[in-house]
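Participant: sequence first, then the predicted structure, then my questions.
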Amino acid sequence: MSVNFIQNLIQNDRKILHFFPLSIEAWLPKGDLARLVVGIVEQLDLRYLRKSYAGQDSTQYNPEILTALLFYGYVTGVFSSRKLESSTYDSAAFRYISANAHPNHDTIAGFRKQFSKELSKLFVKILMIASRYKDLNYGYAYELEVQLQAEVTEMFRKAEAADCADISIGP
């Protein structure tokens, strides 16, 4: 009796042209954190980032993508710009966030450095929105914002340290 092992079927499926769904949106479950992050970032006012970032080069990435990529990376423990870059190739969530584009680590690190003050404020807003506290009294909302600002500051410190470590190791 012949046995059809799952591995045999998968090996044959690797030769199929459309192994993955055609739409990157189909790669993630409906409630995935990456979807939440993109949805929140799309609601933010990023006019300043768009205006300041546009025109520096002919191949600039959308600030929405870079903001969401940095935020999602940091909250999931990916602080190195090199690792963020490679994640846009390796991870369905990062591919979704980057709209299947692959900003290089210099672009990611440069964007973070250039707009660290603005991104820090935006990250606190994202965290406040994601926390879904609607009935906060003013005092608690202020405490939460202060706590979140401290957490964001720590994320940026870790990102800077990770990028410095990457530079000392080399490509």
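Facilitator: Looks like it came in fine.

Participant: could you use CA atoms for every contact and neighbour count after this?
Facilitator: Fine.

Participant: for the residue nearest the centre of the chain, give me its contacts.
Facilitator: The structure's the chain has its C-alpha centroid closest to L69; by Cα atoms, centre = their mean the separation is 2.1 Å. Shown in contact with L69 (Cα atoms under 8 Å, 6 or more residues apart in numbering): L84, F94, I97, S98.

Participant: in helices only, show me those.
Facilitator: Those of these mapping onto helices are L84, F94, I97, per DSSP state H.

Participant: nearest to E160, of those?
Facilitator: Distance to E160, by Cα to Cα, is smallest for L84 among these, at 13.0 Å.

Participant: could you list the low-pLDDT ranges of the protein?
Facilitator: The chain contains residues with pLDDT under 70 at 1-21, 54-59, 132-141, 167-171.

Participant: packing partners for the longest helix anywhere in it?
Facilitator: When the chain is parsed with DSSP H, its longest helix is helix 138-169. Applying 3 or more Cα pairs under 8 Å, 6 or more residues apart in numbering; DSSP states H and E, one finds that helix 138-169 contacts helix 81-90, helix 116-131.

Participant: ok and it relative to helix 116-131, angle-wise?
Facilitator: With axes from the mean of the first three to the mean of the last three Cα atoms, to 10 degrees applied, the angle from helix 138-169 to helix 116-131 works out at 130 degrees.

Participant: deepest in the core, which of the helices and strands packed on helix 138-169 is it.
Facilitator: helix 81-90 (a mean of 19; mean count of other Cα atoms under 10 Å).

Participant: run through who's touching that helix.
Facilitator: 69-70, 73, 78, 94-95, 98, 100-106, 108-109, 159, 162-163, 166.
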